[in-house]
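Can you look at this prediction? I've put the sequence above it.
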Amino acid sequence: MHGNSWGRGPRQRGVGPSRSLRALQLVAPNRPLVALVMMVIFVAGLALAPATPALAVDCAAANIGVTPLHGATFYTDDSPSPSSNPKLQGQYEGYKITNNTGASLSGLWTKIDTFSPGSATSIIGLAPGEDGLDQLKNLSVGGSDISYFFVAAIPSASDSNSQSHYVRVYDRRPDLPGAVELCNTTFTYTQVISAIQAAANKVNISTVTSNPPGLGAVMTMTVSGDTGTIGSGEVLDPDSPFIQMGPSVVVNGAAGISGWRPDVFELMTAKILVDLNDGAGLIEHYDYLKWQFTGTPADRPYVITYTFRVTGTTTSSVTPSPVQNISSGTQTKHTSLSNFGTAIQPIQPPANTTTLTKTATPATIERSAGGTVTYEVPITNSGSTARVVTDGVTTNNSTTVTSATANFSAADVGKALVGANLPAGTAIVSVTNSTTVEVTNPATASGTGITLTIGADQDVALDYLTDTLPPGVSYVLGSAEFNGSSIPDPIISGSTLMFMGPISVPAQTTRTLSYEVDFPPGLAVGAYTNKVAGYIGTAQIDTTTDTSDNSPATSTVTVYEAADLAVTKTESEDPIPINGILTYTLQIDNNGPSPATSAYVTDTLPPGTTFQSASGTGWSCSNAGQVVSCSAASLPVGSAQPISIAVVVDATSGVLTNTATVGSSTFDPDPNNNTDTITTTVNSSLAAVRGRYTNGIWGSMDIFSSDGQTMVAYHCCLVTDTWELRLPPSSCPVGGYKIIYNPPTGDLQSRWLNDKDNFTEADCISAPSNGNDMVIPASVSISGYVKDFATAADIDGAVIYAFRESDGRYMGWSPMIESGTAGGPGRYQVNLPAGSYKLLAYAPSGYITEWYSGARTFSDATAVAAPATEVNFSLLPSAYIEGYVKDFTSAADLDGYPLYAYTSAGEFYSYGVSGMGFGPGRYRIPVMPGEAYKVLAGGGNGYSDQWFSGASNFSEATATAAPFTANFSMS
């Protein structure tokens, strides 16, 4: 067998150009012009000088044996009889190449060229369709292989002078880059002689298997004939008597015999079954194309078997012309062509049954990392296999063969039929019905239960396969495998890989070629597509069985940038109060390895919330209802700026579930971290109250229940002019809150919401609520000191109240600037709008409360125009009227009842409240020591007013000098 180690493929002939590899410049004959091309070759040869010796060493010196398998005489017949027969101008020559180098050789090719005349005229050259190239199988030490070539002579050629050409051996296909000529030798035809036709030298029958043959498959031609009388032949032929075999010698057809197509049918082997030894019996002889008889040979029958590999296609049938030249008498006589119309079976146009596809794994490569891609090329041969039956029936001397199970059909016409009782070369010529056929050769014996083989396995072998790689990538050396076994690396020329064959694919099977390609880091982003096609001769094998189209198998690897984006959500607080502002923080990370282009974040807000805002450095954010969308043109590798999304919690209870998703137009290798979800519980026991105090930064707030009974909260300090309080849910008018603003400095006023002077007039604020806004007005101040009247010592702890002079309305006090806190010991400051006020100094323990300037009542007090300074108080030390307030019947302590002290003249002086800091039911009223006072206990809640002690009115009440004790039993 011939070929390399890709399988049991047949030997490979030289091949023509790939339709996609024009750069290789493999020139094939133009079939419609083959005759013209031959003539051009020969005419051009007339002007050629004898061949210049090649630079390569002689093959004998290189220890590469080159043994001719044909004779040194070239026979033609340019004057056939009858003249309508075609001229015989062609002849096969063969060479046995033997490896005597002492080392294994692989991938060798032979080439014949440089045809040179021994006289002035060159008449022998390559026949049309013959490229003069042949691939050898791998040669072990001492191993050999055979190359056959079809050569031809120009018409009317006869020359007794020598005709020479070179036989060259190369380390690879000669037209490939880097090809090295290992050696050469010269073969010489000593003469060109014209032969004549002999009727006795005849072909009885010639058949081919697998008709029509499959492209790339092996076809067998079996020729049965008779030599006629064998004699000494031409005296100039040293091999006489001889038989010179020719599977086809017609170069240009005529009379129904087509010209031979060496570009389609590649001769592989030749075998002759003939008696060369004068009656010794039929003996099989191999490889040689010319055999010499011994003794006195007579008419001898012969069977010649040629095997061809189908390397191309034809548009019409081709008729073989198996002509044998026989030495007879004093001449050389060739086979009669008279019965070729009936004895020769035409070869139908070959059919292609081979296709290929291509895959790439992986189909994507990340740009910054690069990677290795494995390409696989499954090659499928859908050609038929031989059918085998075991119930054949033959009758001696009959051309009818039957089988009950063969299921013959019209598709079987032309197929070989092999059986024990059938001569070699038997083929089916017609189908009578599904069980009966007519064959070319009559059976040699009768028999039943004969094993019949119908047709032959249409195994194919591709000559080579090319893959044009995309730019920037490279083949990985040592990665090629065929059908799971390692094969030699391809020949690499630029971006083209050429996997040399034979690439053998049995019928009805698929064989896969695989190899690896390196995609280095940093390739441009995009699709990298490459094409692969196989070749049998000049026929392209691709994704279709039509060899006239151009449909190579393709695969695409996409180089992409990958950005592993991830989102992590956090919340500002959990649980969140009703109406609270909940801020979601979305941390976006690009884990690389490449920047992310056109990044986006989508956050679907939970029901029960209202969108407030969304922002992030480098992000552009907007919302549509509950969907927040943010985008960025690009995100570099690493952490991006976070996105903050603020919502108002409208829900009054339950759990809020929020989900965010990040993505980009850049491929993300790990989508599992592109989404994050967070849950937040709504705290139904608290509600947010929000507002804005323009100019109110650093101030504080006191929050009271709307009934004035309880100070609910204190808030300090405002770092911005917006504020938020967390209060128990409560709604006006039944519930709610009242809030006073306390300024941090004297240039602002203390105001009740909403810009009210006092608690009574202040707005009721519900929780939850928003928009509780107020502009804090500028203020002026009244300031001074508070001292002891007798000692002038500073007094701390007094509270100064301001009342508007015009109507007595309370306007402010100094809760944060009590005396002793505004500029030094005993100092105070009250911030007010510009105007006229009367001030009350509410004394600390041990002193008497008084109006400015020492007055006991509002009406007697002196008004002060704000702003003012040195509005001073000198407080008198106090004595106390104290006691208890009880129920008359139960003696239970009564809290919250007012007690008023009047002077003997009936002027109100001071008051106290029971249960306010002195024990249950206890009270204390600060008064002037030594002065006499009358005391009134205020009733209410079912109790009557009562004067001390037991009097019903002021006149009857007893005036008592302070200090003293006055107890009340209320009824």
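Received the coordinates, thanks.

residues in contact with the closest residue to G472 other than its chain neighbours?
Distances taken as CB to CB, 6 or more residues apart in numbering place L523 nearest to G472, at 5.2 Å, with adjacent residues excluded. For glycine as for every other residue, the C-beta is placed from the backbone atoms N, C-alpha and C. Counting by CB atoms under 8 Å, 6 or more residues apart in numbering, L523 touches 365, 367, 370, 472-473, 559.

Reformat the residues you listed into a markdown table and put distance to T209, secondary structure and pLDDT next to each item.
Formatted as a markdown table, these follow (distance: CB to CB, whole Å; DSSP: H, G, I helix; E, B strand; the rest coil; pLDDT from 0 to 100):
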| residue | distance to T209 | secondary structure | pLDDT |
| --- | --- | --- | --- |
| I365 | 48 | strand | 93 |
| R367 | 55 | coil | 91 |
| G370 | 51 | coil | 94 |
| G472 | 48 | coil | 96 |
| V473 | 44 | coil | 97 |
| V559 | 50 | strand | 94 |
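
Quick check, central residue of this protein?
The residue lying closest to the centre of the chain (CA atoms, centre = their mean) is T364, at 4.2 Å.

I'd like to know the beta-bridge partner residues of that one.
T558 (DSSP bridges).

I'd assumed Y560 was in contact with it.
Yes: at 5.8 Å, T364 counts as touching Y560 under the criterion of CB atoms under 8 Å.

Check which helices and strands the top strand by length along the chain is in contact with.
Longest strand of the chain, by residue count under DSSP state E: strand 675-694. On a contact count with 3 or more CB pairs under 8 Å, 6 or more residues apart in numbering; DSSP states H and E, strand 675-694 meets strand 563-571, strand 576-578, strand 581-593, strand 655-663, strand 722-727, strand 774-775.

Quick one, which of those gets closest to T374.
strand 581-593 (22.3 Å; CB to CB).

C-alpha coordinates for the closest one, CSV please?
The C-alpha coordinates for strand 581-593 follow below in CSV (Å, rounded to 0.1, in the frame of the first residue of the first chain):
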residue,chain,number,x,y,z
ILE,A,581,-35.7,57.5,54.4
LEU,A,582,-34.1,54.2,53.6
THR,A,583,-30.8,54.4,51.7
TYR,A,584,-29.6,51.5,49.6
THR,A,585,-25.9,51.4,48.8
LEU,A,586,-25.0,49.4,45.7
GLN,A,587,-21.3,48.5,45.6
ILE,A,588,-20.4,47.6,42.0
ASP,A,589,-17.1,45.7,41.5
ASN,A,590,-15.5,44.8,38.2
ASN,A,591,-13.4,41.7,38.9
GLY,A,592,-11.9,41.9,35.4
PRO,A,593,-10.0,40.9,33.7
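
Average pLDDT for it, rounded please.
Taken as a whole, strand 581-593 has a mean pLDDT of 95.

Tell me which strands it pairs with, and in which orientation.
strand 563-571 (antiparallel), strand 638-639 (antiparallel), strand 643-649 (antiparallel).

tell me the domain ranges of this structure?
12-343, 354-382+459-560, 387-454, 563-683, 695-775, 780-875, 879-970 (automatic domain parsing).

how about those domains, which one is nearest V689?
domain 695-775 (4.5 Å).

Run a quick neighbour tally on the residue lying closest to W619 once chain neighbours are set aside.
Of all residues beyond its chain neighbours, the one nearest W619 is C630 (4.5 Å), with distances taken as CB to CB, 6+ apart. Other residues near C630 come to 24 when the count uses other CB atoms under 10 Å.

And the strands in the stretch 851-971 of the chain?
For the stretch 851-971 of the chain, the strands defined by DSSP state E, counting those that start in this stretch cover 864-866, 873-875, 879-887, 898-903, 908-913, 922-927, 932-937, 946-947, 960-961, 964-965, 968-970.
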